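K.L.:
next comes the sequence, and after it the predicted model I'd like to discuss.
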Amino acid sequence: MDLEGLRHFLHLSRTLHFGQTSREVHVSPSTLSRSIQKLERELGTQLFDRDNRSVSLTAAGQRLQAYASQTLTAFEQVQEELRAPQDAVCGTLSLFCSVTAAHSFLPKLLSEFRTAHPEVTLKLETGYAVSALEMLERDVVDVTVAALPERLPRSLLTRVITYTPLQFVAPRADCEVSRMVEARRIDWGRVPMVLPELGVARESVDRWFRDAGVTPRLYGEVSGNEAALSLISLGCGVGIVPGLVMEKSPLGSEVRALDVRPRLPDFRVGLCTKRGNLKSPVVRAFWESISGARSDTNS
């Protein structure tokens, strides 16, 4: 199993798009296909389910994704250690966060670490915030930025970075949904809701409706906050969105936060890593560099 093949596989496992991966790793589509087919022959199993419209990982592909990430990271770390001065911290630090986190506070958190450890290569992957803890659990990345639930496994270390309000959000445009929420007493059983599929925000709003004795009228479920804001701005329903996302989103001017009581609990946004990851000098150096963050909630 060659490293180049693993690199091709790992990139494709994240994009799930042959055309995009072939462009970004600078190989032809036929070369990429042969590389994946060679891996599948060596392993004796199919790694992707693919048809004319979609590509998805098989169960075997998901297992190989974690192995490929660990193997390539370990190889790159050894490669950089051999090139760097003996007393330097070197290797690769892989991180996962939402686009909002990447724009708002992650650069500031990384700047001190980057200055102190220039030999370390940073790998940053962005995606849905709700996927953050899963990416960490599957060993795809070393550190994630995540919305922290009330309880976390003892195997995780977390450090709170910021708090942001979780808000009911409605469209600004004059529409049926806007008129529903402008009533003196909102009939929440009639208001169409755009809710996250899962995660801390979904747990919070489900608890809110349960405490209110209301069964929400579900318009749709979404994986990401930007998707929710798009539907809300179109007048499809009322959604639940963190205040930080509204501040940074280009759709922020198309929606408005509602003053709903009782309020939803604030989001705790924090950095997470596995305790075992601190055996890595790179992860340990990064964790020490963020000692000035708000608090360490699980260590």
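P.N.:
Sure thing, it's come through. Model, not experiment: these values are computed from the prediction.
K.L.:
correct me if wrong: Gly61 contacts Leu47.
P.N.:
Yes. The pair Gly61 / Leu47 is scored as a contact, 4.0 Å apart, by C-beta atoms under 8 Å. Placement of C-beta: from N, CA and C, glycine included.
K.L.:
please identify every residue contacting each of those two.
P.N.:
Ser13 (C-beta atoms under 8 Å, 6 or more residues apart in numbering).
K.L.:
quick one: low-confidence ranges for the stretch 101-250 of the chain?
P.N.:
Scanning the stretch 101-250 of the chain for pLDDT under 70 picks out nothing.
K.L.:
okay, helices next: where are they in it?
P.N.:
Along the stretch 101-250 of the chain, the segments classed as helices by DSSP state H, counting those that start in this stretch run 106-116, 132-137, 176-181, 200-212, 225-233, 243-248.
K.L.:
other SSEs contacting the fifth one?
P.N.:
By that I understand helix 225-233. Applying 3 or more C-beta pairs under 8 Å, 6 or more residues apart in numbering; DSSP states H and E, we find helix 225-233 packed against strand 166-171, strand 192-196, strand 217-222, strand 238-242, helix 243-248, strand 255-257.
K.L.:
quick one: that helix to helix 200-212, angle?
P.N.:
With axes from the mean of the first three to the mean of the last three C-alpha atoms, to 10 degrees defining the directions, helix 225-233 sits at 50 degrees from helix 200-212.
K.L.:
and the residue lying closest to Arg256 once chain neighbours are set aside, how far is that from Leu251?
P.N.:
Excluding the flanking residues, the one nearest Arg256 by C-beta to C-beta, 6 or more residues apart in numbering is Arg172, at 5.3 Å. Separation of Arg172 from Leu251 (C-beta to C-beta, to the nearest Å) stands at 10 Å.
K.L.:
shared neighbours, those two?
P.N.:
Common neighbours of Arg172 and Leu251 (C-beta under 8 Å, 6+ apart) are Ser233.
K.L.:
who has more neighbours, these two?
P.N.:
Using other C-beta atoms under 10 Å as the criterion, Arg172 and Leu251 rank with Leu251 on top: 18 against 13.
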